[in-house]
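**Q** Mind folding the following:
(chains A and B)
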There are 2 protein chains.
Amino acid sequence: MRNPHSNGNLEEEEGRGEAAVENGFGDGLILGLDGGATSTVCVCVPFFPYGDRFPEPLPILGRAVAGCTNRNSVGETAARDSLEQVISEALVESGSDKSHVRGVCLGVSGVNHPSDQDMIQNWIRDMFPSHVKVYVQNDAIVALASGTMGKLHGCVLIAGTGCIAYGFDEDGREARASGAGPILGDWGSGYGISAQALTAVIRAHDGRGPETMLTSTILKALGLSSPDELIGWTYADPSWARIAALVPQVVSCAEAGDEISDKILVDAADDLALSVKAVVQRLGLCGKDGKACFPVVMVGGVLNANMKWDIGKEVSKRINQHFPGAQTIIPKVEPAVGAALLAMNFLTVKIDVS
Amino acid sequence: MRNPHSNGNLEEEEGRGEAAVENGFGDGLILGLDGGATSTVCVCVPFFPYGDRFPEPLPILGRAVAGCTNRNSVGETAARDSLEQVISEALVESGSDKSHVRGVCLGVSGVNHPSDQDMIQNWIRDMFPSHVKVYVQNDAIVALASGTMGKLHGCVLIAGTGCIAYGFDEDGREARASGAGPILGDWGSGYGISAQALTAVIRAHDGRGPETMLTSTILKALGLSSPDELIGWTYADPSWARIAALVPQVVSCAEAGDEISDKILVDAADDLALSVKAVVQRLGLCGKDGKACFPVVMVGGVLNANMKWDIGKEVSKRINQHFPGAQTIIPKVEPAVGAALLAMNFLTVKIDVS
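**A** The predicted structure is shown next:
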C-alpha cells in the first residue's frame, strides 16, 4: 500500500527514496510497526540522532499495510510472512533497503509475556544484519510515544474495544491500571459500555429496570425484533469487538436525552479517569504538590469519537479536576509512527550514554 | 446406578419392581429425567392419577445416571445413546419395562428454541409406543415442579453458575427474568458474584479500589502468587462454572468481616430478589392487595449453600418485604423427581379435561 501523503507517482516516490539518502538522511532509516488485531502497518522514516528534536510532521518515506501478525490469531507462519512482507514493501516504497535500517520497533497488543516478546523480536532480528536494534513493545507504550514524540514519560489512556492506562515516570518506572479484559472489570472500554447498554435493554424487558431508548435503537441497529433475540445474538459470536461496536448507539441515545445511556457514559468516563488517576498517583507524576505538568495521551475510538456527547472531553475534565498540570494530548501521528519515534528515542539514549 | 434409598440387594429390588404392579401401581409408571450440564438422571415412579394428592415421599422404583444429553456439548449420537441407556437402566432397576410407561418428562437447560425441544421430544417418542406422553421442558420449569409437587403455579429462582427467575400464574401465563447469561447482567449468579470478586482484586491491585481480603483468599484458592496472574487464569478457560466456583471464597471473606465481599453478596441478594419481584409483578401472583399466597421455589448452590452468610435467607427476607404472602420453599426432591411430578400433573389435567 501507498503512503497516504503520496500522490501515487512512482517516479516521485523513488525520487523521495533517494532524497532520503542525499538530503541529510545519511544517518540511516528507522522502521516503526503497529501490529493491530486486524492488520499490520509499517512506516519507514529517516533517523534523527538528536534526542527529541524531530521535525514536525516527521517525513514518512514509505508506508505499507499487511495482514495480522498476532500468531495467536493467524498462526506462526502467516504472522511471520506478514511481518516480512510489510517491512519489504515499506522499504521498497522508501526507495531503500535493509542495509540502511538502524532500528526497528514493533508495537503489538497482547504482548505481555517475555517469551512472546522474545519470539517476535527474534523473527525480526533474523531479517536484518546483527547491528540493527530491534524493540518489541506493547501497544500501550507505542501509543504513549505517538503522543509524546517518542518520549516515555507521562500516562497513556487507550479506550477502544478494551481499555488500559499505562505510564512512566522520569526514572523509567512503569505502572498500569485496567487492561484486564471484560470479565475483570474494564468498565470504561467500548465492550464495557456496550455490555452495560445490552444489560439495560434486558433489564427493561424483564421488568427489572426502567424503559430506555436503547431498546429500539440497538434492536434496529442489529436488525432484531425483540430483546429476547439479543441473547442469541450476544452469545452467537464471542468477539469483544462485535459488542463494542454498539458504542455509537449508546452515545446517540445519550445525546437524545436518554437517562440510562447518559448514566452509562458518565460511569465510563468516571472509570476511565479513575484508571489514569491510579497510574498518576502510583508514579507520582503530579509531583508532591499535585500540580506538576505531565502529558496524558488519549487514544482509541471511545475517546476520539468526535460526537456531541464527547467521552474523551468528559474524561479530560475529570483528570484535570484531580491534576491541574495534566496536559491531555490526542496524537497527531498513527501508532506505527509512534513506534518509529520510540525506536529513535531508544537509539538516541543509547548514543548519549555511550 | 442404584436407587439411593436401596440397600443394594438385587432380589429386594426386583421384588420392589413387581410390587409396583401388584400393590396398587397398576396405573403404570412415570419416568422423570433431569438433563444437566454434566450428567443425566432418570427416576421411575408409579403413576398416581389423583391430581396433586401424592404420597410423601414419593416412592422411587428405579434411578439411573448417565452422561450428558446436551447435543451441543456431546453431539447428537452420544446424547441419544445416553438417553436410551439411562431410561433402560431405570426401568430395569424398577423391575419393569417400557410397556408400563404412561408418561415421560425431561427437564433440560438451554432448551429455549422450539426446534431443539421438538428434536429431543422425537428421540424419546421413538423409544416408546405411540400412546406414551412425552414432555420436554426447560430446567427452570422442572425445578419449580420439584418444589410444588408438580403444580405449575408460583415462581422459581435458580441461582447456581447462572441465574433465572421463572413463574406461572393460575391461568398458565408464564414470565421470566434474568437467565440472559454473564454478558447481559445476571449479576446475582455464581458467575456474577465471582466476577465481581475477581474485579475487586484487580481494582485493589491497580490502585482503583480499596484493599480486600479477597486478594489473599482467592490467590490462595487458585494457587497463584500475584493478582497479575489472575488475568491469565481468567481467560485460559472460558467455562463459566470454573469462575462461579469461587463463590465459597467470597462468602467466607464476607463472614470474616471483609466489607467488599459483604457488599458483593448484598448486591447479589438484591438482584436475585429483584428478578423474583419482576416475575411476580408481571404475573400478578401477589394478588391485587399484594398479600396473596404463592410459592417461591429456591434452587441452586448460591441459594442453598448452608453457610453462615446465607444468600438464600437474605433473598427470602427481601422477597417477603415486598410480598408478605410469598412462601419460600427449598425442594425436598431432586429435579428428576420434579420432572416426574410434572408429567403426572400434565397427565392428570388431561384426564380431568377429557
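**Q** How about the residue in chain A sticking out farthest from the centre, nearest residue that isn't a chain neighbour?
**A** Distance from the centre of chain A peaks at A:Gly207, with 39.4 Å (C-alpha atoms, centre = their mean). Leaving out its chain neighbours, the residue that sits closest to A:Gly207 by C-beta to C-beta, 6 or more residues apart in numbering or on different chains is B:Ala278, at 3.8 Å. Every C-beta, even on glycine, is put in place using the N, C-alpha and C of the backbone.
**Q** Secondary structure class of the one you found, three-state.
**A** Here B:Ala278 is recorded as helix under DSSP: H, G, I helix; E, B strand; the rest coil.
**Q** Identify the residues contacting it.
**A** A:206-208, B:165, B:175, B:177 (C-beta atoms under 8 Å, 6 or more residues apart in numbering or on different chains).
**Q** And the pLDDT for the residue nearest the centre of chain A?
**A** Among the residues of chain A, the one closest to the centroid is A:Ala143, at 4.8 Å (C-alpha atoms, centre = their mean). Listed pLDDT for A:Ala143 reads 95.
**Q** can you give me the helices in chain A?
**A** A:10-22, A:71-74, A:76-93, A:114-127, A:139-148, A:190-206, A:214-222, A:228-236, A:240-244, A:247-255, A:259-283, A:311-322, A:335-353 (DSSP state H).
**Q** So for B:Asn304, which of these sits nearest?
**A** In terms of C-beta to C-beta, the element of those nearest to B:Asn304 is helix A:190-206, at 23.5 Å.
**Q** what number of residues lie near the closest residue to A:Leu222 other than its chain neighbours?
**A** Closest residue to A:Leu222 apart from its sequence neighbours, by C-beta to C-beta, 6+ apart: A:Trp233 at 6.0 Å. When neighbours are counted by other C-beta atoms under 10 Å in any protein chain shown, A:Trp233 registers 16.
**Q** Pretty sure A:Trp233 sits against A:Gly223.
**A** No. The pair A:Trp233 / A:Gly223 is not scored as a contact, 9.4 Å apart, by C-beta atoms under 8 Å.
**Q** Please list the residues of chain A that sit near chain B.
**A** A:176-178, A:180-185, A:195, A:198-199, A:202-203, A:206-208, A:230-231, A:234-235, A:238, A:243, A:274-275, A:277-279, A:281-282 (C-beta under 8 Å from any C-beta of the partner chain).
**Q** ok so, going back, verify the stated contact: the residue nearest to the centre of chain A with A:Gly160.
**A** No. Using C-beta under 8 Å, A:Ala143 makes no contact with A:Gly160, being 10.1 Å away.
**Q** Report the set of residues contacting both of those two.
**A** A:Val299.
**Q** On the pLDDT front, check whatever residue of the stretch 251-354 of chain A ends up closest to chain B for me.
**A** Relative to chain B, the nearest point of the stretch 251-354 of chain A is A:Ala278 (3.8 Å; C-beta to the nearest C-beta). What the model reports for A:Ala278 is a pLDDT of 97.
**Q** Please apply the same query to the one 3 residues further on.
**A** As predicted, A:Gln281 sits at a pLDDT of 97.
**Q** Burial check on it, number of neighbours?
**A** Residues near A:Gln281, counting by other C-beta under 10 Å, number 16.
**Q** do A:Ala273 as well
**A** Applying other C-beta under 10 Å, I find that A:Ala273 has 23 neighbouring residues.
**Q** Tell me which residues touch it, please.
**A** Neighbours of A:Ala273 in contact, by C-beta under 8 Å, 6+ apart: A:315, A:318-319, A:322.
**Q** quick one: which of the residues you listed is most hemmed in?
**A** Neighbour max across the contacts of A:Ala273 (other C-beta under 10 Å) = A:Val315, 27 neighbours.
**Q** does it really touch A:Ala269, like I thought?
**A** Yes. Using C-beta under 8 Å, A:Val315 and A:Ala269 qualify as a contacting pair, with a distance of 5.1 Å.
**Q** hmm, back to that, quick one: the contacts of A:Ala273 as a markdown table, columns for pLDDT too.
**A** A markdown table is the format used below for the contacts of A:Ala273 (pLDDT from 0 to 100):
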| residue | pLDDT |
| --- | --- |
| A:Val315 | 98 |
| A:Arg318 | 98 |
| A:Ile319 | 98 |
| A:His322 | 96 |
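**Q** Out of the residues you listed, which comes closest to B:Ala90?
**A** A:Val315 (61.1 Å).
**Q** what about the nearest residue in space to A:Gly209 that is not next to it in sequence, distance to A:Thr212?
**A** Excluding the flanking residues, the one nearest A:Gly209 by C-beta to C-beta, 6+ apart is A:Arg203, at 3.2 Å. Distance from A:Arg203 to A:Thr212, counting by C-beta to C-beta, to the nearest Å: 9 Å.
**Q** Compare these two (neighbour count), which wins?
**A** Set side by side, A:Arg203 and A:Thr212 show more neighbours around A:Arg203, with 25 against 22, by other C-beta under 10 Å.
**Q** okay, now the domains of chain A?
**A** As recorded under automatic domain parsing, the domains making up chain A are A:10-131, A:182-329.
**Q** which ones are touching the nearest residue in space to A:Ser226 that is not next to it in sequence?
**A** Distances taken as C-beta to C-beta, 6+ apart place A:Leu219 nearest to A:Ser226, at 7.4 Å, with adjacent residues excluded. Contact partners of A:Leu219, counting by C-beta under 8 Å, 6+ apart, are A:201, A:225-227, A:229-230.
**Q** same thing with A:Asp169?
**A** Counted by C-beta under 8 Å, 6+ apart, A:Asp169 has contacts A:153, A:283-285.
**Q** Kindly confirm whether my reading is correct that A:Pro210 touches A:Ala204.
**A** Yes. Applying C-beta under 8 Å, one finds A:Pro210 in contact with A:Ala204, separated by 6.3 Å.
**Q** neighbour count winner among those two?
**A** A:Ala204 (17 against 9).
**Q** any idea how far chain B is from the more buried one?
**A** 10 Å (C-beta to the nearest C-beta, to the nearest Å).
**Q** now swap in A:Phe47 and tell me
**A** 35 Å.
**Q** Count the neighbours of that residue for me.
**A** Neighbours around A:Phe47, by other C-beta under 10 Å: 20.
**Q** Can you report phi and psi for it?
**A** phi -80, psi 130 (degrees, to the nearest 10).
**Q** so what's it up against?
**A** A:25, A:27-30, A:102-103, A:344, A:347.
**Q** Give me the buried entries from the residues you listed.
**A** Buried by 16 or more other C-beta atoms under 10 Å in any protein chain shown: A:25, A:28-30, A:102-103, A:344, A:347, out of the contacts of A:Phe47.
**Q** Where is pLDDT lowest across those residues?
**A** A:Phe25 (59).
**Q** Buried among the contacts of A:Leu219? Need that as a selection in PyMOL.
**A** Applying 16+ other C-beta under 10 Å to those, the buried members can be selected in PyMOL as follows:
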select buried, chain A and resi 201+227+230
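**Q** Nearest to chain B, out of the contacts of A:Leu219: which one, please.
**A** For these, the nearest to chain B is A:Leu230 (7.0 Å; C-beta to the nearest C-beta).
**Q** and the contacts of B:Ala278 as a markdown table, adding distance to B:Tyr135?
**A** Listed next are those as a markdown table, based on distance: C-beta to C-beta, whole Å:
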| residue | distance to B:Tyr135 |
| --- | --- |
| A:Asp206 | 26 |
| A:Gly207 | 28 |
| A:Arg208 | 29 |
| B:Ala165 | 22 |
| B:Ala175 | 20 |
| B:Ala177 | 24 |
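**Q** so can I have JSON lines of those showing distance to B:Asp118 and pLDDT?
**A** What follows is the contacts of B:Ala278, written out as JSON lines (distance: C-beta to C-beta, whole Å; pLDDT from 0 to 100):
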{"residue": "A:Asp206", "distance to B:Asp118": "26", "pLDDT": "95"}
{"residue": "A:Gly207", "distance to B:Asp118": "29", "pLDDT": "95"}
{"residue": "A:Arg208", "distance to B:Asp118": "31", "pLDDT": "96"}
{"residue": "B:Ala165", "distance to B:Asp118": "26", "pLDDT": "96"}
{"residue": "B:Ala175", "distance to B:Asp118": "23", "pLDDT": "95"}
{"residue": "B:Ala177", "distance to B:Asp118": "26", "pLDDT": "95"}
